[in-house]
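**Q** quick one, what's the 3D model for this:
(2 chains)
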Protein chains: 2
Amino acid sequence: MSEAIAFLEPRDAVLSRRREIIEDLSELVPAGRLVHEPTALVPFETDGFIAYRRRPLAVVLPETTEQVAAVMKYCHRYGIPVIPRGAGTSLSGGAIPQEDAVVLGLSAMTRILDIDYANRCAVVQAGVTNLAISEAVGADGYFYAPDPSSQLACTIGGNIAMNSGGAHCLKYGVTTNNLLGVKLVLVDGTIIDLGGKHLDATGYDLLGLVCGSEGQLGIVTEATVRLLAKPEGARPVLFGFDSAEAAGSCVADVIGAGIVPVAIEFMDKPAIEICEAFAKAGYPLDVEALLIVEVEGSEAEMEAMLASIVEIAKRHNVKTVRESQSPTEAALIWKGRKSAFGATGRIADYICMDGTVPLSQLAYVLKKTSEIIDRYGLRVANVFHAGDGNMHPLILYNINDPEDAAKAEAAGMEILKLCVDAGGCLTGEHGVGIEKRDLMRHQFSDVDLDQQMAVRSAFDADWILNPSKVFPLEGRS
Amino acid sequence: MSEAIAFLEPRDAVLSRRREIIEDLSELVPAGRLVHEPTALVPFETDGFIAYRRRPLAVVLPETTEQVAAVMKYCHRYGIPVIPRGAGTSLSGGAIPQEDAVVLGLSAMTRILDIDYANRCAVVQAGVTNLAISEAVGADGYFYAPDPSSQLACTIGGNIAMNSGGAHCLKYGVTTNNLLGVKLVLVDGTIIDLGGKHLDATGYDLLGLVCGSEGQLGIVTEATVRLLAKPEGARPVLFGFDSAEAAGSCVADVIGAGIVPVAIEFMDKPAIEICEAFAKAGYPLDVEALLIVEVEGSEAEMEAMLASIVEIAKRHNVKTVRESQSPTEAALIWKGRKSAFGATGRIADYICMDGTVPLSQLAYVLKKTSEIIDRYGLRVANVFHAGDGNMHPLILYNINDPEDAAKAEAAGMEILKLCVDAGGCLTGEHGVGIEKRDLMRHQFSDVDLDQQMAVRSAFDADWILNPSKVFPLEGRS
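**A** Purely as a prediction, here's the structure:
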């Protein structure tokens, strides 16, 4: 990919003090929790948005909130940029550092502090992985709902920064709907608590504001998350259609009828072929588009909801309706869907877009996406959270061909603008990061951006937290 | 009640220009939409928190967003405080004006602009009442979920300002969970849009921040709200217990077991008697505490959920379990609950508290509340959203007896502190307003408050929007 996206110029006042800064930091975290040798820094140069990389000044991996606070106090005092990092799975470059920055990694904070079924919540450190929460409570019949595809690796801290979603968020909501409280280290090292085990907030909803703020308002070190009871049963059902438009219209009609299954995932033919080759999930190969619809509850509830959905699907000439016949088959169906990104990566390089559109626009946006891709002479695989209107076109290209890469990037930007113009937005769950930073002007007016930046400044007046991200570099107030 | 709660001193520079301001405002809104005669101003002197009243400088009732913007631009230019007002049903004094302020009433903006079933949402002006939305879509099988007791009168704009809840928010969430977008007039008259018909937000979640900000960040003139499909069936069931503690523990166990009915409402004996006398709802009078549990769905779903709840209730020695036998009876049960405030008002003056606690603390907080009330020699009726942990003790007193009033106020403050100390918060859905402004220091540290005030200043640097509310007057930065 091109080097089109700029980072802020490194601050000379920081670079020139590198050695001193490293020495000072070594006193703030335990032995072995400071990384500064060039080779050791390589893994921290990029994240899931691998097209860009920068080597940071140093990496610290604190073990406690107090150590995080000490690092923030120090960096704030000397104007040193800080890049918070969870598992580094960001698809928008949210954790890519810059040369004058200290990466503040939360990966050593992996303790589950409290499991409280009476209040249906768990308190965990920010470095706990998404899946680890559900694993810790699964035997007791509970789970944590948001389920990004990267849930095996990604951390709750990163989920909060990006307000992550996942396939099952259609019913259960995204991170912000499942977050009750955080412990937040402010830019100057002050530690505050937002929310808690109670519902509702007194005063402004700073908890909601912090969720999705991409590490720019403070460092989350602990989270109180909602636990849900596992449903009695759950069953994914495959619906095959003759066209992507028919599948898209079917989704809009299901949701428009007020039916809310747990998940409605969409795959077009290229995505079906790629995932089936990898997962052998039994996806039908003779259709142009596939919906994975998951229903849950008692046998009777699942049957009733399915009947309503099948009736709507028939109006869109559904070709195949196939229920999973066993837990193994159900697991395979989800394995195929959740490995879509990895499976695509086996056959080509790709960039994954993340626009969200009103459901009534799904079929239109799919059609226009296809036209854009054709015009650039590229290929695309669409695999996304259709019930939420959260699209994920994977644009295939050759990373070693600069011309191809430039085309893919240009097509991706056109597709995101299309989403905005259709009444949607640039990002559902991957965040703005550096990837979509300059497109913010397409979504927002100067007044909008000024207001958002004023809020940011109310937390971080010197803009040292993740400074190259979210807002266009030019025109910052 | 005492005049203990202070308002900001009126700005002389504003008072001295009163005549000129009224003349200027008359050019910004249509004829008949400016109120300034002393007698005509009386209805705007207070709201649902009737213990306090102040006469505003004038009232404007714009009909369009552009007129709201013109008023804000004018008031911003001359530093004139602005008090946004919906239906004036605030229980915390959120709409009580001050002498140097212009009340900006949204009651003339009552148009439903768009009903969009394909995207399951409606776009309405801020002065539309809560119930009017459900009425407009009811025949088509949809409804708007949040249902404050005042839903016949209260407006969606006021609901957004206070992040209002209601009995059915246990399942459906409060206003912030059902709000997709707003049109917001900033303090200087600039008009911006936050959110829209799509899910998810790009950039910071300013929509979530504005929801619950009590009219201090801007004026909401339009809202895009989520519509839900009505359930197949719904049935309230009465559970009577021998003690308030048993009922409270039962609620905690139901929620702790991961069961989420649509509503779990709690009434203690005084509340049962008051409401039964008013509504003749068939509440059992031989119990110490009553839960109204509403289940919904198909007949089979309701039966299954009820069976689980009955099993838990038996462990707490439930004395009475009575299902409503007809739609009329179901409506009566809810009429009794929803008229609790009005029915109480027939027998005594009261103040209604609004603390929220973790569910595991319900029984403890009920017991301690009773001790506090006994110590002051007062009476209390408890009627609240138990499933949310959102308590509403109604403290009965005689408004014409200053000593009694002072006692009631003091007891109320103790109860709210109790909620905070039990891990909860000062307000679930009524807002801070002026009522709980000075208790904010009990919930929050100076650092917490400074951060919230910095966010407020990022929207309204001169603090002209609803300035006497939410934050303690002393120590404002």
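
**Q** would you mark the buried spots in stretch A:31-46?
**A** Residues A:R33, A:L34, A:V35, A:H36, A:L41, A:F44, A:E45, A:T46 are the ones in stretch A:31-46 that count as buried (16 or more other CB atoms under 10 Å in any protein chain shown). Where C-beta positions appear, they are placed from N, C-alpha and C, glycine not excepted.

**Q** right, I mislabeled it, should have said stretch A:138-156
**A** Those would be A:142-151, A:153-156, for stretch A:138-156 by 16+ other CB under 10 Å.

**Q** just the ones of the buried residues of stretch A:31-46 in strands?
**A** Within the buried residues of stretch A:31-46, residues falling in strands by DSSP state E are A:L34, A:V35.

**Q** how about whichever residue of the stretch 251-400 of chain A sits closest to chain B, nearest residue that isn't a chain neighbour?
**A** Nearest residue of the stretch 251-400 of chain A to chain B, counting by CB to the nearest CB: A:G258, 2.1 Å away. Distances taken as CB to CB, 6 or more residues apart in numbering or on different chains place B:A229 nearest to A:G258, at 2.1 Å, with adjacent residues excluded.

**Q** run a quick neighbour tally on that neighbour.
**A** Residues contacting B:A229 under the criterion other CB atoms under 10 Å in any protein chain shown number 18.

**Q** circling back: my read is that the residue of the stretch 251-400 of chain A closest to chain B contacts B:F143, right?
**A** No: shown here, A:G258 and B:F143 do not form a contact pair, counting by CB atoms under 8 Å, at 9.7 Å.

**Q** which ones are touching the residue nearest to A:G258?
**A** Counting by CB atoms under 8 Å, 6 or more residues apart in numbering or on different chains, B:A229 makes contact with A:A257, A:G258, A:I259, B:G141, B:Y142.

**Q** tabulate these in JSON lines, adding columns for secondary structure and distance to B:R379.
**A** Formatted as JSON lines, the contacts of B:A229 follow (DSSP: H, G, I helix; E, B strand; the rest coil; distance: CB to CB, whole Å):
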{"residue": "A:A257", "secondary structure": "coil", "distance to B:R379": "49"}
{"residue": "A:G258", "secondary structure": "coil", "distance to B:R379": "44"}
{"residue": "A:I259", "secondary structure": "coil", "distance to B:R379": "48"}
{"residue": "B:G141", "secondary structure": "coil", "distance to B:R379": "44"}
{"residue": "B:Y142", "secondary structure": "strand", "distance to B:R379": "42"}
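
**Q** so which of those residues comes closest to B:F278?
**A** Nearest to B:F278 among the contacts of B:A229: B:Y142, at 30.7 Å, using CB to CB.

**Q** now for the closest one: which residues touch it?
**A** Contacts of B:Y142 by CB under 8 Å, 6+ apart are A:G258, B:Y117, B:R120, B:S134, B:L227, B:L228, B:A229, B:K230.

**Q** low-confidence ranges in the stretch 201-350 of chain A?
**A** For the stretch 201-350 of chain A, applying pLDDT under 70 flags no range at all.

**Q** nearest to B:K417, of the buried residues of stretch A:31-46?
**A** B:K417 has its nearest neighbour among the buried residues of stretch A:31-46 in A:R33, at 40.5 Å by CB to CB.

**Q** which non-adjacent residue is nearest the closest one?
**A** A:L61 (4.5 Å).

**Q** and if you look at A:Y144?
**A** A:I133 is the one closest to A:Y144 (CB to CB, 6+ apart), at 4.1 Å.

**Q** secondary structure element for the one you found?
**A** helix A:130-138 (DSSP states H and E).

**Q** which other helices and strands does that helix contact?
**A** strand A:112-116, strand A:121-125, strand A:142-143, helix A:156-162 (3 or more CB pairs under 8 Å, 6 or more residues apart in numbering or on different chains; DSSP states H and E).

**Q** one more pass at 6 Å, please.
**A** Packing contacts for helix A:130-138, counted by 3 or more CB pairs under 6 Å, 6 or more residues apart in numbering or on different chains; DSSP states H and E, involve no helix or strand.

**Q** list the buried ones in it?
**A** For helix A:130-138, by 16+ other CB under 10 Å, it's A:N130, A:L131, A:A132, A:I133, A:S134, A:A136, A:V137.
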